[in-house]
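Peer 1: Attaching a predicted model along with its sequence, questions to come.
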Amino acid sequence: MAISPELRPLRVNMVELLRQPGAERSSSASVDPDVLGCIVAEGQASLRGPIEVAIHAVSGTDEVEVDCVIEAAWIGDCRRCLAPVSGVETIRVVEHFRPAVASRDAGQRDDADVIAVEGDQIDLVPTVRETVMIELPMAPLCSPDCAGICPICGTDRNSAPCGCSVEIRDERWAALDSLRLDE
């Protein structure tokens with residue numbers, strides 16, 4: 001299967017690294033989110049610009065440790081006041097990879113922390129895609145203390161107080177309002 005030239009840097013030659021335990025390889029890539037296959041959910045922040053990936057791979061005796069630093073710029077609307085917000089998520093991911101054939105031949109049991117790789121190449125595309133999609137803000141905030149929009153008059157309470165009385169009342173319990181207990 002042919003791989004997009006833009007995604008080629010997200011492949012690491014595992015066989016070459018395993019020939020020399022302790023060998024290191026570093027690379028970086030700037031990948032368009034559409035080429036990577038990132039799909040944003042409704043209401044989630046959108047990716048803005050390319051995703052930057054820095055890769056550092058180190059071989060051990062029978063596995064390769066890959067350390068990725070992923071930077072993804074995003075833009076969205078504040079979930080409380082609807083003001084535009086943006087940011088950059090910086091995520092570090094460390095994964096361990098082992099040839100699937102070597103694991104089966106050596107009779108090693110499956111290790112949940114080690115990913116078995118069929119073939120010679122470690123494909124980091126799924127790892128980068130999933131990490132970005134998980135870490136992208138689902139409902140961004142302009143600030144942690146955002147007051148939001150008044151549900152009565154629609155005023156942005158971050159810029160001006162509105163004076164509306166917002167009382168949350170459950171009419172099912174209204175009959176208890178007149179109840180007075182003797183002490």
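Peer 2: Thanks, I have it. Model, not experiment: these values are computed from the prediction.
Peer 1: Report the strands that pair with the strand ranked longest in the chain, each with its relative direction.
Peer 2: When the chain is scanned for its longest strand (criterion: DSSP state E), the result is strand 84-99. Pairing partners of strand 84-99, with direction, according to DSSP bridges: strand 64-77 (antiparallel), strand 114-117 (parallel).
Peer 1: Return the member of those strands having the minimum mean pLDDT.
Peer 2: Per-stretch mean pLDDT for these is lowest at strand 114-117 (a mean of 87).
Peer 1: my read: residue 54 touches residue 69, true?
Peer 2: Yes - using CB atoms under 8 Å, residue 54 makes contact with residue 69 at a distance of 4.5 Å. (Each C-beta comes from the backbone N, C-alpha and C, glycine too.)
Peer 1: coming back round to it: closest to residue 176 out of the strands paired with strand 84-99?
Peer 2: strand 64-77 (39.7 Å; CB to CB).
Peer 1: How far does the closest one sit from its chain's centre?
Peer 2: Its chain's C-alpha centre and that of strand 64-77 lie 7 Å apart, by CA atoms, centre = their mean, to the nearest Å.
Peer 1: Tell me the buried residues in that strand?
Peer 2: By neighbour count with 16 or more other CB atoms under 10 Å, strand 64-77 contains the buried residues 64, 65, 66, 68, 70, 71, 72, 73, 74, 76, 77.
Peer 1: got JSON lines for these, with distance to residue 101 too?
Peer 2: Output for the buried residues of strand 64-77, formatted as JSON lines (distance: CB to CB, whole Å):
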{"residue": "64", "distance to residue 101": "14"}
{"residue": "65", "distance to residue 101": "19"}
{"residue": "66", "distance to residue 101": "19"}
{"residue": "68", "distance to residue 101": "24"}
{"residue": "70", "distance to residue 101": "29"}
{"residue": "71", "distance to residue 101": "34"}
{"residue": "72", "distance to residue 101": "34"}
{"residue": "73", "distance to residue 101": "39"}
{"residue": "74", "distance to residue 101": "40"}
{"residue": "76", "distance to residue 101": "44"}
{"residue": "77", "distance to residue 101": "49"}
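Peer 1: Okay, now the unreliable bits of the chain?
Peer 2: In the predicted model of the chain, residues 1-2, 102-112, 166 satisfy pLDDT under 70.
Peer 1: quick one: the helices in it?
Peer 2: Counting by DSSP state H, the chain has helices at residues 14-18, 33-36, 100-105, 125-135.
Peer 1: any chance of the strands paired with strand 84-99 in a markdown table, with distance to residue 27 too?
Peer 2: Listed next are the strands paired with strand 84-99 as a markdown table, based on distance: least, CB to CB, whole Å:
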| stretch | distance to residue 27 |
| --- | --- |
| strand 64-77 | 10 |
| strand 114-117 | 17 |
